[in-house]
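A.B. asks: How does the following fold in three dimensions:
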Amino acid sequence: MANTNVKRVKTSDLDLKDRLVAIQRVTKVTKGGRHFSFAAIVVVGDENGVVGYGLGKANEVTTAISKGVEDAKKNLVKVPVLNGTIPHEQESKFGGARVFMKPAAPGTGVKAGGAMRAVFESVGIRNILAKSKGSSNPHNLVKATVTALTELRDAYTVAGLRGIPMSRVFKG
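C.D. replies: A predicted model of the protein is given here:
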């Protein structure tokens with residue numbers, strides 16, 4: 001099922017900050033021996049509702065990171081952030097990684113693991129409770145977290161989809 005409320009964002013007018021989530025040395029075994037290279041997963045965001053992730057592979061660490069940043073800038077999405085938290089609970093999975101996130105009261109902070117924390121800080125979420133279940137592979141955790149964030153809907157989006165005024169969204 002395709003998500004219709006994903007909003008792609010242009011990078012031209014954004015002040016993006018990048019965070020390195022994980023870097024791994026990978027090996028290709030050839031006839032002549034082992035060939036080592038690096039894979040880096042990077043998250044970029046403007047800390048104001050825009051986030052993206054990317055994977056870079058190269059023979060040197062710095063090149064891998066810069067390739068990851070360029071890839072992340074091509075995959076930016078807009079996320080609804082309300083008062084430093086998310087609008088509602090959300091679950092998602094990618095591969096073996098499953099994530100659960102819940103809005104939190106102001107002052108709670110980011111209660112989340114390493115790969116998820118980088119995504120939340122990049123998008124500008126300051127108060128959230130999150131749990132990762134299943135695989136702890138940082139690649140899949142980042143992808144599951146971004147997928148969950150893109151599936152979030154704020155009240156204005158819900159009102160627009162239902163074709164009703166905002167005042168009727170919360171009436172029982």
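
A.B. asks: Check the gap between the most centrally placed residue in the chain and residue 139 for me.
C.D. replies: Among the residues of the chain, the one closest to the centroid is residue 146, at 3.2 Å (Cα atoms, centre = their mean). Separation of residue 146 from residue 139 (Cβ to Cβ, to the nearest Å) stands at 11 Å. Just so you know, the C-beta spots here come from the backbone N, C-alpha and C atoms, and that holds for glycine as well.

A.B. asks: Contacts only, for the residue nearest to the centre of the chain.
C.D. replies: The contact partners of residue 146, by Cβ atoms under 8 Å, 6 or more residues apart in numbering, come to 51-53, 77, 119.

A.B. asks: if you set the cut-off to 10 Å instead, what comes out?
C.D. replies: Contacts for residue 146 (Cβ atoms under 10 Å, 6 or more residues apart in numbering) come out as 43, 51-53, 75, 77, 79, 92, 94, 99, 116, 119, 122-123.

A.B. asks: Poorly predicted segments of the chain, please.
C.D. replies: For the chain, the stretches flagged by pLDDT under 70 are 1-13, 171-172.

A.B. asks: Going along the chain, name the helices of it.
C.D. replies: In the chain, the helices defined using DSSP state H lie at 61-73, 114-123, 138-150, 155-162.

A.B. asks: thinking again about what came up before, can you redo the contacts of residue 146 as a markdown table, where the extra columns are neighbour count and distance to residue 170?
C.D. replies: What follows is the contacts of residue 146, written out as a markdown table (neighbours: other Cβ atoms under 10 Å; distance: Cβ to Cβ, whole Å):
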| residue | neighbour count | distance to residue 170 |
| --- | --- | --- |
| 43 | 27 | 33 |
| 51 | 32 | 27 |
| 52 | 26 | 32 |
| 53 | 26 | 33 |
| 75 | 15 | 33 |
| 77 | 21 | 26 |
| 79 | 27 | 22 |
| 92 | 18 | 25 |
| 94 | 20 | 32 |
| 99 | 29 | 27 |
| 116 | 26 | 29 |
| 119 | 29 | 29 |
| 122 | 26 | 30 |
| 123 | 25 | 25 |
